[in-house]
Every structure is written in C-alpha cells, then in structure tokens.
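> Dropping the sequence and predicted coords here.
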Amino acid sequence: MTTQVSVDVGEGALVEGEVGEGFEAVSEAFVRNFTELGDLGASLAVYRHGRPVVDLRGGWARRSTAAPYGPDTLQLVFSTTKGATALCANLLVQRGLLDLDAPVTDYWPEFGAAGKQDVPVRWLLTHQVGLPTVDAELTVEEVLAWDPLIEALAAQAPFWEPGTAHGYHAITFGYLVGEVVRRVTGLSLGTFFAREVAGPLGLDFWIGLPADEEPRVAPLRMARGLPAEAPAQLDAKTIEVYAAMLQPGALALRALSLNGALGAFGGAGGPFNSPELHAAEVPAANGITNAPSLARMYAAMIGEVDGVRLLDPDQLEAARTLAVAGPDRVLIVDSSFGLGFMTHSDYQLLLGPGSFGHPGAGGSLGFADPDSGIAFGYVMNQMRFGLSGDKRTTHLIAALRSCL
C-alpha cells in the first residue's frame, strides 16, 4: 500500500510523490531537508527487493522562474556517475570480455608508456594506478573531446608507483575505465551504458546528454567555498582537511579540476551547468539522471527489476568486496573501494557493512545494500561543500535504517 504525499515546505514549494507503508519516516526526513537543511530542489527514491517504496521530489528546479522540481526534472550528479561507469566494467568482466588481472596494454597498447606496461586493469577501478591528473595543460574543449586527454593519460608517468597506494581519481577514473570499455566493445562508455543498462531498464540516465533533453536539466546552485559556508556544515578537523586539499598545487585540487581545466568542485565559473559539458562524455562526473533511475539501476544490480538483472551473484560479490582501504593519496582522509564502487566506511556512510555505491560532489548519492534488498538514489541542485554525503543524506539514510 502506498500513500500520496503533498507537503508545503515554504514559499509555495511542495514535496510530492508516493511512499510505501512502513517508510513514512523517510518521507518525513526528506521534508526536513527542505524545512531545516536548506534543500532547494531534490528527488529521492528507494527500492526494496526490486520494487519502489519511496518516490519523492520537491522544491524548485529553477527558483528564478518558479519552475517546480518535478518527476521529469533531470540533474547532473558529479561522481555519482562513477557507479554507472563501474557497472559497465563489471558487466564486461561478467561476460568474460574483460580480464581484471590482464595488463591494460592488452586492450590499450599505448597506455604502456612511462613505466605503465604491467599495470593491470583492476587498478583502474580501485584508484591504484597513480594517474589522478595529468601534467599536460588541457583546455575544457580538449577534455570534452576525449582523445586529447586519453593521449595525455597514456603518456603520463604515474604520480606514485602503481599498486603501492590508492588515491581518488576524481575525473580521470571515467576516462581510464571508459577507454578500456571503448577498446573492448568499440562503443563509447556513454553509448555502451545506454544500450546495456539505461535502455533495458528504461532509465532517465545519460552519460552524454541528447540536446533535446537539455531543457529538463535543473541548473546546479554552487556551494560557496571555504570559509564562508563551511563552518556551519563541517567540524574543525574536516575544514582543516579541505583547506589542505585546496592549497595551490595540491594533488587533490589538481585531480578535482583536472589540472585547472574544469574548475575545482565545479565551482562558480566552472562548466558543469553548460550544455556543452552535458552533451560530452565525462564518465566520472557528468552523468545526468534523477533519483528513481539511480535507485532502479542499483536495484537491478542486486536483484531482478521487471525482468532485468544486471549482475549475477558472483560478480555482485566481487564488485562490493573491499579491495583497498586506508589513507587516500588525493583526498588525504581514509577512503575505501571495491571494483569501482565506494564501500561503507566512516568517510562514506551507507546503509551498513556490505553496502556499495558512490556519492557525488555537492551531495548526490546512489547505493545498494544487498543484505536488506535496498537501493537508494538522491539527487539535488543545491550543492554543499564537500566530496561525500552531507547531513541531508545521512538523515535520509538514518530514517531508512529505522524503517527496516
């Protein structure tokens, strides 16, 4: 049994949708995101055992024109895209088309330059390859064109000895994994995802947005940087870590901005609200979707959704099994990864041990918890400072946990 939701959250904005019996606390937490935590426009979806139990959206897609955040609204989700990219690689492994322990050069011969000839494919997924950025100074246009960055990555010497440490490949992850997918299938990552995932599941999810879908995209409202906004959101230790990450020349800043080409965190003046970036393929950072599609994708990874199951039990277990954990050479704090997915940790709180997924800069999040049969998607247009989940998602997850 489901209940229709329609709640005024102030200034004429509404939260609307459906919530299943027993999940009312999740709906209440979503409302509080607007009334107490400053959400502007957002959508939230939860599946359990392959069926939707929460489908909500609210606020403004464009406040200046009083355009509501509706069921057709789309959102750029930054690194939440990495979950879709990791899924594509896992599908190729499952089909026997990609060997994680083979050298990358078996698929991409040019990659072997600068001492990388023995790097296995697995390290691209686990952020161990040591290529979080490039020394080449590329323009935005070159980055979006794909090949110039691929050539720069192939020629680049690693920033640490591959396999000896891990560090978050904020932008390059999508190009590294995406180029291997292209070499194996002959298709770009976005095309492969559309054919093998989004199409069969009927998702509103693109990596490379068609021009006729652009009017549906809600513009991102960027978070203000340190120190103006952060003290109200972050503790002193976290502020210290982020300040260190943003020091000129810091590896984190270079990784997040791709050596300055994209602008750190997609900040003010960055290109992440531009149709040109939306239309390109940046498979670590420019996926455009909504919460129902994000949750449906994860639901189909852990079980069957309307006759479609993406990962078999063995590949699911491999995807979510902890591969690396501990100090992150880029993020400074500890992080943990399976095969391209983040795992539950103090850095990224998911539903519990065994959960896997990926957050996006500013607040978006998608994940699955096979043990409970839960799949979760949250997207929003009001960014918060940071790379991982904030109070909006932690409150939603806590409410969801209480319902189980």
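Alright, I've got the coordinates. Numbers count the residues shown, from 1 in each chain.
> Excluding covalently adjacent residues, which one is nearest to Trp60?
Excluding the flanking residues, the one nearest Trp60 by CB to CB, 6 or more residues apart in numbering is Gly41, at 4.8 Å. Yep, even glycine has a C-beta here, placed from its N, CA and C like the rest.
> In the beta-sheet assignment, what are the partners of that neighbour?
When assigned by DSSP bridges, Gly41 has beta-bridge partners Gly59.
> Could you check how far the residue most central in space within the chain is from Pro313?
To find the centre residue of the chain, average its C-alpha atoms and take the closest one (CA atoms, centre = their mean): that gives Thr80, at 0.9 Å. Counting by CB to CB, to the nearest Å, the separation of Thr80 from Pro313 is 25 Å.
> do Leu76 as well
33 Å.
> Of these two, which one has the most company?
For the pair Leu76 and Pro313, the greater number of neighbours falls to Leu76 (27 against 11), based on other CB atoms under 10 Å.
> for Pro132, what are its contacts?
Pro132 sits next to Phe159, Gly167, Tyr168, His169, Ala170, Thr172, Leu251, Arg254, Ala255, Arg329, Val330 when contact means CB atoms under 8 Å, 6 or more residues apart in numbering.
> Let me know whether the fifth one touches Leu262 as I believe.
Going back to what we said before, that points to Ala170. No. Taking CB atoms under 8 Å as the definition, Ala170 is not a contact partner of Leu262, at 9.3 Å.
> For stretch 96-114, which residues meet the burial criterion?
By neighbour count, and taking 16 or more other CB atoms under 10 Å as the criterion, the buried residues in stretch 96-114 are Leu98, Leu100, Pro103, Val104, Thr105, Asp106, Tyr107, Trp108, Phe111, Gly112.
> So what touches that stretch?
Where contact means CB under 8 Å, 6+ apart, the residues beyond stretch 96-114 that reach it are 89, 92-93, 116-122, 124-125, 151, 153-158, 179-180, 183-185, 339.
> Weed out the non-buried ones from those.
Among those, those classed as buried by neighbour count (16+ other CB under 10 Å) are 89, 92-93, 116, 119-122, 124-125, 153-154, 156, 158, 179-180, 184-185, 339.
> Out of the contacts of Pro132, name the ones that lie in helices.
With helices identified by DSSP state H, the entries of the contacts of Pro132 that belong to them are Thr172, Leu251, Arg254, Ala255.
> As JSON lines, these with neighbour count would be great.
Formatted as JSON lines, the entries for those read as follows, by neighbours: other CB atoms under 10 Å:
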{"residue": "Thr172", "neighbour count": "24"}
{"residue": "Leu251", "neighbour count": "19"}
{"residue": "Arg254", "neighbour count": "21"}
{"residue": "Ala255", "neighbour count": "26"}
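> just curious, which of these is nearest to Ala375?
Using CB to CB, the shortest approach to Ala375 within the ones in helices among the contacts of Pro132 belongs to Thr172, at 27.5 Å.
> Could you give the number of residues near the residue nearest to that closest one when sequence neighbours are not counted?
Distances taken as CB to CB, 6+ apart put Leu131 closest to Thr172, at 5.4 Å, once the chain neighbours are dropped. Counted by other CB under 10 Å, the residues lying close to Leu131 total 29.
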